[in-house]
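Chemist: no FASTA, just this:
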């Protein structure tokens with residue numbers, strides 16, 4: 001199932017929204033997506049900069065990972081370029097890795113709520 005995942009600042013979890021219906025279908029502490037695409041709405045980002053108030057305008061879109069996908073990570077982690085992704089609308093126009101280079105997609109994205117971080121497998 002294709003979903004859009006974003007960090008919910010109020011609940012301190014990842015909100016999972018169905019791409020098909022547009023409805024939030026779940027809240028997760030941890031989630032793994034395959035064929036992840038990191039998305040930022042520039043209009044939403046500009047609203048944040050103008051109003052100095054955060055809104056949902058950035059997240060990760062992809063397919064919910066299956067147990068097989070997760071096993072693939074464990075068994076083939078040495079084949080992936082493993083990195084972390086982050087986003088700050090006041091500093092960056094897109095998600096970036098630890099070297100502050102843009103991140104637009106990853107084969108797998110593993111997201112944790114505590115501590116909040118995204119690990120990418122490219």
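Modeler: Thanks, I have the structure now. The shown structure was predicted, so the numbers you read here are calculated from the model rather than taken from an experiment. Numbering: from 1, shown residues only.
Chemist: By mean pLDDT, which helix or strand of the chain comes out lowest?
Modeler: Taking mean pLDDT, DSSP states H and E as the measure, helix 67-76 is the helix or strand of the chain with the lowest mean score, a mean of 78.
Chemist: Give the other helices and strands that it contacts.
Modeler: Using 3 or more CB pairs under 8 Å, 6 or more residues apart in numbering; DSSP states H and E as the contact criterion, the secondary-structure elements in contact with helix 67-76 are strand 30-40, strand 105-112. Using the backbone N, CA and C atoms, a C-beta is placed for each residue, glycine as well.
Chemist: any chance of those strands in JSON lines, with distance to residue 24 and mean pLDDT too?
Modeler: Rendered in JSON lines, the data for those read as follows (distance: least, CB to CB, whole Å; pLDDT from 0 to 100):
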{"stretch": "strand 30-40", "distance to residue 24": "13", "mean pLDDT": "95"}
{"stretch": "strand 105-112", "distance to residue 24": "15", "mean pLDDT": "92"}
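Chemist: which ones are touching residue 73?
Modeler: Under the criterion of CB atoms under 8 Å, 6 or more residues apart in numbering, the contact partners of residue 73 comprise 32, 80, 108, 110, 121.
Chemist: actually residue 36, sorry about that
Modeler: Contacts here follow CB under 8 Å, 6+ apart; on that basis residue 36 touches 60, 61, 62, 105, 106, 107, 108, 109, 120.
Chemist: what lines up beside whatever helix or strand the first one lives in in the sheet?
Modeler: So the one you mean is residue 60. Assigned by DSSP states H and E, residue 60 belongs to strand 58-64. Taking DSSP bridges as the criterion, strand 58-64 sits next to strand 2-8 (antiparallel), strand 30-40 (antiparallel) in its sheet.
Chemist: Quick one: closest of those strands to residue 47.
Modeler: With distances scored as CB to CB, the stretch of the strands paired with strand 58-64 nearest to residue 47 is strand 30-40 (12.1 Å).
Chemist: quick one: that closest one to helix 67-76, angle?
Modeler: Put simply, strand 30-40 runs at 90 degrees to helix 67-76, going by axes from the mean of the first three to the mean of the last three CA atoms, to 10 degrees.
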